[in-house]
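Enquirer: generate a structure from the sequence data that follows.
(one chain, ligands or ions: 2)
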Amino acid sequence: VFLASLVLIIIGAIDDKKVNVDFLQKAMKHSRRLDALLSDLIEISRIESGEMKMMFRYFSLREFFNSLLEEVQLQAEQKNISLEFISPSQSVEVFADKERIKQVMLNLIENAIKYTSANGKIIIASAIESNGVRIIVTDTGCGIAEEHLPRIFERFYRIDKDRSRDIGGTGLGLAIVKHIIEAHESKVEVQSEIGKGSAFRFNLKGNTM
Ligand code: ATP
Ligand code: MG
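Expert: Ligands and ions are numbered 1, 2, ... in the order given. Predicted coordinates for the structure are as follows:
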């Protein structure tokens, strides 16, 4: 389709405003998808080659959650999905690479939004654990069948290839998540039930104040 419209524009539709707008919109969509794919690929090769160094420091969990909420609220609202953040009553200082953990959270929350239909609910909860904090991203989405669960963290693995293509995505998100969490000496665990929803969780080091 993309190539066809390119040819069209070259052979004379160049003066047709409607065709031009269609073409530009398609070109924009394609280049956005390529751009996302490229940065994911660069990211994963940097992680796997050991080139990516983590920058650990302490930061406030509550402030971190607030800035995350700002970033994903609109996306959730557009799909009429409710989004709730739950922090422990005590304040917590997490010891982690803030930017990388933000990337992890955005990947998990974007998945939750992508694979949950309208009127669903997403909860991002945290709880104090012995050496830090546990973070859980839960959705009321389509869920993941048991046979796929061990594979979703593999690069390029997507369960429904046709559907996943429609909603974009290359299947690199969770592979990146897994790498980053492992670099924090932790691991991501998932629990899911078809038709009910999914929960992704991991622990981070930190102190309560
Ligand atoms: P990308 O993140 O690269 O844009 P993606 O979302 O398809 O693409 P991953 O984030 O790696 O890739 O997820 C892999 C697959 O796991 C998805 O294609 C989807 O089938 C499944 N999956 C991930 N998160 C969820 C979820 N919250 N609910 C249901 N299925 C999920
Ligand atoms: Mg994803």
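
Enquirer: I'd like the distance from the helix or strand harbouring residue 34 to the chain centre, please.
Expert: According to DSSP states H and E, residue 34 maps onto helix 17-48. Mean-position distance between helix 17-48 and its chain equals 17 Å (CA atoms, centre = their mean, to the nearest Å).

Enquirer: hmm, residue 5 and residue 19 touching each other?
Expert: Yes. Under the criterion of CB atoms under 8 Å, residue 19 makes contact with residue 5 at 7.4 Å. For the C-beta atoms, the positions are set from N, CA and C on the backbone; glycine is no exception.

Enquirer: ok, the two, which is more surrounded?
Expert: Neighbours were counted for residue 19 and for residue 5 using other CB atoms under 10 Å; residue 5 has more, 18 against 15.

Enquirer: now name the helix or strand holding that one.
Expert: Assigned by DSSP H and E, residue 5 belongs to helix 2-10.

Enquirer: averaged pLDDT, that helix. What do you get?
Expert: For helix 2-10, the mean pLDDT works out to 72.

Enquirer: ok, now stretch 36-56?
Expert: Stretch 36-56 carries an average pLDDT of 87.

Enquirer: report the buried residues of that stretch.
Expert: 40, 43-44, 47, 52 (16 or more other CB atoms under 10 Å).

Enquirer: ok, of these, which one's closest to residue 143?
Expert: Relative to residue 143, the closest of those is residue 40; by CB to CB it sits at 24.2 Å.

Enquirer: ok, now how distant is the closest one from residue 27?
Expert: In this view, residue 40 and residue 27 are 21 Å apart by CB to CB, to the nearest Å.

Enquirer: does residue 136 really touch residue 122, like I thought?
Expert: No. If you go by CB under 8 Å, residue 136 and residue 122 don't touch, sitting 10.9 Å apart.

Enquirer: neighbours of residue 160, how many?
Expert: 12.

Enquirer: residue 93 now?
Expert: 17.

Enquirer: what's the answer for residue 58, then?
Expert: Residue 58: 13 neighbours (other CB under 10 Å).

Enquirer: returning to that earlier point: more neighbours: which of residue 136 and residue 122?
Expert: Between residue 136 and residue 122, residue 122 has the larger neighbour count (other CB under 10 Å), namely 23 against 17.

Enquirer: for the helix or strand encompassing that one, name the packing helices and strands.
Expert: In this structure, residue 122 sits in strand 121-129 according to DSSP H and E. Applying 3 or more CB pairs under 8 Å, 6 or more residues apart in numbering; DSSP states H and E, we find strand 121-129 packed against helix 61-78, strand 82-86, helix 98-114, strand 132-139.

Enquirer: and the angle for the shortest one with helix 98-114?
Expert: Looking back up the chat, that one is strand 82-86. Interaxial angle of strand 82-86 relative to helix 98-114 (axes from the mean of the first three to the mean of the last three CA atoms, to 10 degrees): 140 degrees.

Enquirer: and the strand holding residue 122, what's buried?
Expert: Within strand 121-129, the residues scored as buried using 16+ other CB under 10 Å are 121-126, 128.
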